[in-house]
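# Let me see the structure of the following:
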Amino acid sequence: MSAISFIAVMMIGVIGANIIKEFFPQISETFILIGVGLILSFLTEFQNFELEPEFFMMLIIAPLMFYEGSKTSLKKVRKNFRGIFFLSITLAVVTVLLVAVLTNNIMGSWIFSLAICFAAIVTPTDAVAVKSIISGKKMPEGVNEAVEFESLFNDATGLVLLSLGLSVLESGHFSIWEGLGRFIFVSIGGIIIGLVIGALLVRIRTAINLRATRPEATIIPISILTPFFIYLLAEHFGTSGVLAVVAAGLIHNFEGDMLKLTSTNVQLTNNTIWEILSDILNNFVFILLGVSLFGIWDIFKSLGWKESIVLFLISVLVYLLMLFIRKFWTNRKRNKSIEHFFSDVKEERNSDSTIFALSGAHGTMTLAMAFSLPLNTSILSNENREIIITMAAIVILLSLIVPTLILPKLLPALGDKSSDNINQVRNDMVDYAILHMVEEIEDSKVRSSLTKQLQSQKGLQIPDHTKSSKLMDEIISWQETLLDTTTIKAQFSSKVIDYFRIYLENSSKHSTGKKIRRLFSKRRRGRRVDSVEMQEFATIRTDISRLESSLYQQTIEKLSSLEKERLENKITDFSDIEEVKHILENRHYRIRNEIQEDTIIPNELLIEAFQLEYQFVLNQVKTDVISKETSNKLFKEINNAQVLQLQKQ
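As a prediction, the model looks like this:
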């Protein structure tokens, strides 16, 4: 499969998963994505799919780690450096050693360096999977930070230890000092490259920000290419590409703190692009995991059911050991390195350490490392490679299934305020702005256009056509009564009124069309028309156009009165009125043979309306009616809507 076809199929998978999760919100997004991956694995092109580690690390992991780093404050990292080191490096190394000892003793054919390779593969954690699992639940803030920091840095630890294990397999001997030296070189070297190159790129971006007329055209492409360039550069020098992109991301976070409200357009655009890209790549990760499981099932079948059961039980034992290590490592009260993340109270500390232990979910990074093992070489047999891949897949699935079953029971719900019905709050916000704005707008067209514009914030609203049809029939009946008034009869001939009455009768039953022309064409069809008749037809057309204008103005005034009446009753649903207005406007401009022009809403009215929405949300959060999380979402929506409308103007 070509790269373009692969990306296209993966994008279809992402779209499908996003649609499915709307119908099954109770199912973790992670499992939906894995399920979509399993479905894709039945495609012929994916039958013999095997994850390409280099492709995966550079094109997916590198940008994801860079983005995660750019969201992390460098000041926080410096402040909590000891805790991060303790969780991401010390804990990872201890886990690798203990898991290696266990598997080395159980797997009789394994030497210790091979056990190290397996342990390094199953060590990296995935915070994204955990967030999906605990959706709707509140994790303790300190534990949440610990999980995110650990996930950000322990990938590199696992990769370095895997590289170290493979080098020992190849050379046949191991030196503690040599291994420690290699670990320091790969880790520190990657960090230095990331910091230096990241700082250099930040200087370049800042200079462009200050001098370029359209800096986003240059800065955003630089931002997107940064993780790929830094990853390749670090790997070229034999250091950790993952740590390099994380370090570069931290430097770019510092750039955002430095710029503050400078170059806001660049920062907003860049953040939006990276958010979307990050979401897509995270979805790719778990779809790829689902696709890879098909090949792992083939390995299961080739091993036989007895050996598969044995491997399953060993994998369960490995997973339980890692749970125990994580809980024991963080449950010790005297450890000052992690006191920022975990409570000092005994009961709370015990609960925090349990949640942290269960939050050690593993993802495609583990699978990618397993697939990165060399194939058919003297240092690693094909059988051992398949066993490691199989056990890694089992550990991944266990680390996703067990927390899904247990974590939601340990964590409290976000609370009533945090589970606000944001749709209802948004609707109330829009209605509040409309009710205040219409009181000061005299022009009915501007008032109607502004109302329609603000109502669109509620999302795509499908009008009630039954309600609109009923109102349309009422308006047509009312217009027919106007034709009988002395004012109309004094201005127009009976022939013009009769023609128009026929037109109205048809309008109440069918959609508007070229009915006036049909009336005239029937009179002309089959015979020649002389100049006198042509003049008469032209006069009638002109009179019908004048009559239409007169009725149109009166009808719009009637509909505006109906709007005001609803507003007095605090009703802001004008969908039927808007639909009827739209039909009447089309009829009006078609009969008059004119081009309908859009009503331009003055900028100051738009800004005032959005300010009212801001004020409504601010009052709601101040009075503790809605949560801060909900208010932040709405503030962001209002801001984006304001920018979009002003750009259109």
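# use CA for all of it now, contacts and neighbours both
Fine.
# nearest residue to residue 635 other than its sequence neighbours?
In space, and not counting its chain neighbours, residue 635 is closest to residue 614: 6.7 Å by CA to CA, 6 or more residues apart in numbering.
# what's the answer for residue 32, then?
Leaving aside its sequence neighbours, residue 32 sits nearest to residue 17 (CA to CA, 6+ apart; 6.2 Å).
# Which residues are in contact with that neighbour?
32-33, 36 (CA atoms under 8 Å, 6 or more residues apart in numbering).
# any idea where the helices of the stretch 1-150 of the chain begin and end?
Counting by DSSP state H, counting those that start in this stretch, the stretch 1-150 of the chain has helices at residues 3-23, 29-40, 53-56, 62-70, 74-79, 81-85, 91-106, 112-121, 127-133, 141-171.
# Closest to the centroid, which residue in this structure?
residue 279 (5.3 Å; CA atoms, centre = their mean).
# does that residue sit in a helix, a strand or a coil?
At residue 279 the chain is in helix, as set by DSSP: H, G, I helix; E, B strand; the rest coil.
# Tell me which residues of stretch 204-212 come out buried.
Within stretch 204-212, the residues that count as buried by 16 or more other CA atoms under 10 Å are 205-206, 208-209.
# With distance to residue 60 as extra columns, can I get these in JSON lines?
Output for the buried residues of stretch 204-212, formatted as JSON lines (distance: CA to CA, whole Å):
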{"residue": "205", "distance to residue 60": "24"}
{"residue": "206", "distance to residue 60": "27"}
{"residue": "208", "distance to residue 60": "28"}
{"residue": "209", "distance to residue 60": "28"}
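# With respect to residue 467, which of those is nearest?
Of all the buried residues of stretch 204-212, residue 209 has the smallest distance to residue 467: 53.8 Å, by CA to CA.
# Near the nearest residue to that closest one once chain neighbours are set aside, how many other residues are there?
Closest residue in space to residue 209, ignoring its immediate chain neighbours: residue 215 at 5.4 Å, by CA to CA, 6+ apart. As a burial measure, residue 215 scores 18 neighbours (other CA atoms under 10 Å).
# OK, contacts around residue 215?
Taking CA under 8 Å, 6+ apart, we find residue 215 in contact with 208-209, 266.
# and it, how far is that from residue 83?
Distance of residue 215 to residue 83, given as CA to CA, to the nearest Å: 38 Å.
# Residue 97 too?
From residue 97 to residue 83 the distance is 20 Å (CA to CA).
# which among the contacts of residue 215 gets closest to residue 307?
The closest of these to residue 307 turns out to be residue 266 (CA to CA; 56.5 Å).
# The closest one contacts residue 216, correct?
Yes. Between residue 266 and residue 216 there is a contact under CA atoms under 8 Å: 5.2 Å.
# Could you check the pLDDT of the residue nearest to residue 635?
At residue 614, the predicted lDDT confidence score is 91.
# now swap in residue 292 and tell me
pLDDT, residue 292: 80.
# buried stuff in stretch 638-646?
Neighbour-count burial for stretch 638-646 flags 638, 641-642 (criterion: 16+ other CA under 10 Å).
# What distance do you get for residue 87 to residue 143?
Relative to residue 143, residue 87 is positioned 11 Å away (CA to CA).
# which of these two has more neighbours?
Per other CA under 10 Å, whichever of residue 87 and residue 143 has more neighbours is residue 87, with 24 against 20.
# Which residue is the nearest non-sequential neighbour of the more buried one?
Distance criterion CA to CA, 6+ apart; nearest residue to residue 87, sequence neighbours excluded, is residue 150 at 5.8 Å.
# quick one, what contacts residue 69?
Counted by CA under 8 Å, 6+ apart, residue 69 has contacts 152, 245-250, 253.
# again, 7 Å this time
For residue 69, the contacting residues are 246-247, 249-250, by CA atoms under 7 Å, 6 or more residues apart in numbering.
# Return the member of the residues you listed nearest to residue 40.
Nearest member of those to residue 40, counting by CA to CA, is residue 246, at 31.4 Å.
# what number of residues lie near that closest one?
By other CA under 10 Å, 32 other residues sit near residue 246.
# and what of residue 562?
14.
# Tell me which helix or strand it sits in.
helix 531-568 (DSSP states H and E).
# List the buried residues in the helix or strand just after that helix.
Scanning forward in sequence from helix 531-568 by DSSP H and E, the next helix or strand is helix 575-591. Buried residues in helix 575-591, counted by 16+ other CA under 10 Å: 575-581, 584, 586-591.
# so which of those residues would you say is closest to residue 331?
Residue 331 lies nearest to residue 575 out of the buried residues of helix 575-591, by CA to CA, at 59.3 Å.
# what mean pLDDT does stretch 122-140 have?
For stretch 122-140, mean pLDDT is 81.
# Using a markdown table, lay out the contacts of residue 215 together with pLDDT, secondary structure and distance to residue 472.
Output for the contacts of residue 215, formatted as a markdown table (pLDDT from 0 to 100; DSSP: H, G, I helix; E, B strand; the rest coil; distance: CA to CA, whole Å):
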| residue | pLDDT | secondary structure | distance to residue 472 |
| --- | --- | --- | --- |
| 208 | 83 | helix | 58 |
| 209 | 76 | helix | 56 |
| 266 | 78 | helix | 48 |
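# Next, the buried residues of stretch 550-562.
Residues of stretch 550-562 classed as buried: 551-552, 555-556, 559-560 (neighbour count, 16+ other CA under 10 Å).
# Alpha carbons of it, as PDB, please.
Extracted C-alpha coordinates of stretch 550-562, given in PDB (Å, rounded to 0.1, in the frame of the first residue of the first chain):
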ATOM      1  CA  SER A 550     -46.700  46.900  -1.300                       C
ATOM      2  CA  LEU A 551     -47.700  43.500   0.200                       C
ATOM      3  CA  TYR A 552     -44.100  42.500   0.900                       C
ATOM      4  CA  GLN A 553     -43.500  45.600   3.000                       C
ATOM      5  CA  GLN A 554     -46.700  45.100   5.000                       C
ATOM      6  CA  THR A 555     -46.000  41.400   5.500                       C
ATOM      7  CA  ILE A 556     -42.400  42.000   6.700                       C
ATOM      8  CA  GLU A 557     -43.800  44.500   9.200                       C
ATOM      9  CA  LYS A 558     -46.400  41.900  10.400                       C
ATOM     10  CA  LEU A 559     -43.700  39.300  10.800                       C
ATOM     11  CA  SER A 560     -41.500  41.700  12.700                       C
ATOM     12  CA  SER A 561     -44.400  42.500  15.000                       C
ATOM     13  CA  LEU A 562     -44.700  38.700  15.600                       C
END
